[in-house]
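S.K.: Pasting the sequence and the predicted coordinates here, then a few questions.
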Amino acid sequence: MKYFMILLSVILLTGAKGVPPAAAEQYAIKQMTPEVQAALDGRRSRYVQLTDLKREGLVGENNRGYVEAFSDREDVQGIVADENHDRKIIYTTIAQQNGLTGALATIERVFAQEQRDRAQPGFKIQNGDGSWITK
């Protein structure tokens, strides 16, 4: 939950329209719905697998806040689909619960930057300009 508070603070301070920066501290996932809890649990349960796939170069973090597969393997495609589904639920919930209409793309970009910053050496990441690098 602390991570989402920080994430939203960054979003609000970097230009989500209609929300004064001074109000940033009050935005978070306000209601832990069963759908959000399931998304958070899903992300937590696949964290090790996803990290291993990133380490193998089979998955990378794109510049839109989602993971991208570099393999046609069915297991890789399944993990990527599940992860992206859960991320979309979380991003959408943040926008909806905080009245950030039209800010989904901003939320996704801020999360993408956070993921790039936190990526381990050797992980594939996509820069803002669309180019892929290995960190």
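M.R.: Cool, the structure landed.
S.K.: For the rest of this, base every contact and every neighbour count on C-alpha atoms.
M.R.: Fine.
S.K.: Helices along this structure, start to end?
M.R.: Ranges of helices in the chain, per DSSP state H, are 2-13, 34-55, 74-97, 104-118.
S.K.: Among those helices, which comes closest to residue 61?
M.R.: Proximity to residue 61, assessed across the helices of the chain by Cα to Cα, is greatest for helix 104-118 (6.9 Å).
S.K.: Quick check: buried residues in the closest one?
M.R.: Applying a neighbour-count criterion of 16 or more other Cα atoms under 10 Å, one finds 104, 106-113, 115-116 buried in helix 104-118.
S.K.: As CSV, these with pLDDT and distance to residue 31 would be great.
M.R.: What follows is these, written out as CSV (pLDDT from 0 to 100; distance: Cα to Cα, whole Å):
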residue, pLDDT, distance to residue 31
104, 89, 18
106, 87, 21
107, 86, 18
108, 90, 20
109, 88, 23
110, 85, 21
111, 87, 20
112, 91, 23
113, 88, 25
115, 91, 24
116, 92, 28
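S.K.: circling back to that earlier point, who wins for proximity to residue 128 among the helices of the chain?
M.R.: Judging these by Cα to Cα, what sits closest to residue 128 is helix 104-118, at 8.5 Å.
S.K.: Run the chain-centre distance for the closest one.
M.R.: Offset of helix 104-118 from its chain centre (Cα atoms, centre = their mean, to the nearest Å): 6 Å.
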